[in-house]
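K.L.:
3D model of this:
(3 chains)
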Amino acid sequence: MPFVHLVIGLALLEFFLFGLAVARARHRYQIRPPATTGHEVFERTFRAQMNTLEQLVIFLPGIVLFAYYINPLIAAALGALFVIGRALYFQGYVKAAEARHVGFNLSAFANLALLIGGIFGAVRTLIPHV
Amino acid sequence: MPFVHLVIGLALLEFFLFGLAVARARHRYQIRPPATTGHEVFERTFRAQMNTLEQLVIFLPGIVLFAYYINPLIAAALGALFVIGRALYFQGYVKAAEARHVGFNLSAFANLALLIGGIFGAVRTLIPHV
Amino acid sequence: MPFVHLVIGLALLEFFLFGLAVARARHRYQIRPPATTGHEVFERTFRAQMNTLEQLVIFLPGIVLFAYYINPLIAAALGALFVIGRALYFQGYVKAAEARHVGFNLSAFANLALLIGGIFGAVRTLIPHV
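P.N.:
Numbering: from 1, shown residues only, chains lettered A, B, ... in the order given. This next block holds a predicted model:
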């Protein structure tokens, strides 16, 4: 499991860096807290972070279940794909809303594969003869 | 634990579907990203998803702790109640803000029962003679 | 691990109470759902809850990895620091945006220490002779 744990750690570190990018954009475009609107670039940066939060809540249990029921190395590889996809997504979204799709789809594919695999693994355990 | 894992997987799949519903509402009501306001139905759909995100962050560790310290089958049953409550909540909230209460209360009851049970179990382990 | 589990439970209970505080502020300042803006105090309360959500997504896997790879008692102590820092942060932010920094920094320090420690532990396991 250490490869899975490392990928989880990297995904969280990436998310922490997204948070720093939001703080920097807040400062640069003078968006005073608690506001979350006021400048297009800030809003795109903030939404890119929030969407990553949504995806992480699926990703974190998903990768653990996939690793436990299917295979930890494939889980870590799909997890690495998720981390790369999220980096592309974030970079793209900060530039332009239209530029977020490639990274979104890459990370969503990895995320769904982990989740579906984990569910399949749990179901297979509950039906022993499948 | 496979029943608990299955319920966790279903809760995450439900949350993924809520995300798709937000994307569809965004398209239907022409809310261009990164905006999260602009049409009442979109805003209710979006808030229903975000509130589910908040609840999931409590639910996911809560069900694991309850299953570990108290009982995995009761944990899975409370988890199923949470998933059903969230479906009612989401459906209700999309229709009207007032229609969200039944599902909210159902899922909040299940969520608090899991969390309180998990905390109680950890405390009991720390005080061996209770 | 029961100390770590207890601290996780307390962090989630704290987050649940933050949610109740948002609901009360929503009622007091007559912010009708799904709106999340309309009164400065409500907006600060809401943002304090949302920022805690972001931090929890890092905190929960971080404390588990730190406890597993480094030391469960140090993990629980850092986790307690996180919970205290978040209480100060929330109280401060509700009063004034400027008053959130001490609690933020305290909880961010604990959170980063847990995350970096967990990543370090996983890497060390992958490179046996370090």
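K.L.:
can you give me the helices for chain A?
P.N.:
All helices of chain A, identified by DSSP state H, fall at A:2-28, A:40-69, A:72-95, A:101-126.
K.L.:
quick one: average confidence on the longest one?
P.N.:
For helix A:40-69, the per-residue pLDDT values average out at 98.
K.L.:
quick one on the thing from earlier: what's the closest of the helices of chain A to residue C:70?
P.N.:
For the helices of chain A, distance to residue C:70 was read as CB to CB. The smallest value, 12.1 Å, belongs to helix A:2-28. To be clear about C-beta, it is placed using only N, CA and C from the backbone, and glycine gets the same treatment.
K.L.:
now the closest one against helix A:40-69, angle please.
P.N.:
Going by axes from the mean of the first three to the mean of the last three CA atoms, to 10 degrees, helix A:2-28 is angled at 170 degrees with respect to helix A:40-69.
K.L.:
roughly how far out does helix A:2-28 sit from the chain middle?
P.N.:
10 Å (CA atoms, centre = their mean, to the nearest Å).
K.L.:
and it, what does it pack against?
P.N.:
Packing partners of helix A:2-28 (3 or more CB pairs under 8 Å, 6 or more residues apart in numbering or on different chains; DSSP states H and E): helix A:40-69, helix A:72-95, helix C:40-69, helix C:101-126.
K.L.:
just to revisit the earlier point, just send the helices of chain A back as TSV, with mean neighbour count too.
P.N.:
Putting the helices of chain A into TSV (neighbours: other CB atoms under 10 Å in any protein chain shown) gives the following:
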stretch	mean neighbour count
helix A:2-28	19
helix A:40-69	22
helix A:72-95	20
helix A:101-126	19
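K.L.:
so for residue C:19, which of the ones you listed sits nearest?
P.N.:
Nearest to residue C:19, of all those, is helix A:40-69, at 15.7 Å by CB to CB.
K.L.:
between that closest one and helix A:72-95, how many degrees?
P.N.:
Helix A:40-69 and helix A:72-95 are oriented at 170 degrees to each other (the same axes, to 10 degrees).
K.L.:
ok now helix A:40-69, how far from the chain's centre?
P.N.:
For helix A:40-69, the separation from the chain centroid amounts to 3 Å (computed by CA atoms, centre = their mean).
K.L.:
wait, what's in contact with residue A:2?
P.N.:
Listed by CB atoms under 8 Å, 6 or more residues apart in numbering or on different chains, the contact partners of residue A:2 are C:122-123, C:125-126.
K.L.:
now the residues you listed in a markdown table, with pLDDT and distance to chain A?
P.N.:
Formatted as a markdown table, these follow (pLDDT from 0 to 100; distance: CB to the nearest CB, whole Å):
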| residue | pLDDT | distance to chain A |
| --- | --- | --- |
| C:122 | 96 | 4 |
| C:123 | 96 | 6 |
| C:125 | 94 | 4 |
| C:126 | 93 | 5 |
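K.L.:
what's the closest of the residues you listed to residue C:5?
P.N.:
residue C:122 (20.5 Å).
K.L.:
got any ranges where chain A has weak pLDDT?
P.N.:
Low-confidence segments of chain A (pLDDT under 70): A:129-130.
K.L.:
show me which residues of it are close to chain B?
P.N.:
A:40, A:43-44, A:46-48, A:53-54, A:57-58, A:60-62, A:65, A:68-69, A:93, A:97, A:100, A:112, A:115, A:118-119, A:121-123, A:125-126 (CB under 8 Å from any CB of the partner chain).
K.L.:
burial count for residue A:128?
P.N.:
As a burial measure, residue A:128 scores 6 neighbours (other CB atoms under 10 Å in any protein chain shown).
K.L.:
oh sorry, the question was meant for residue A:70
P.N.:
18.
K.L.:
can you pull the phi and psi angles for it?
P.N.:
As for residue A:70, its main-chain torsions (degrees, to the nearest 10) stand at phi -110, psi -70.
K.L.:
with residue A:127 instead?
P.N.:
According to degrees, to the nearest 10, residue A:127 has phi -120, psi 90.
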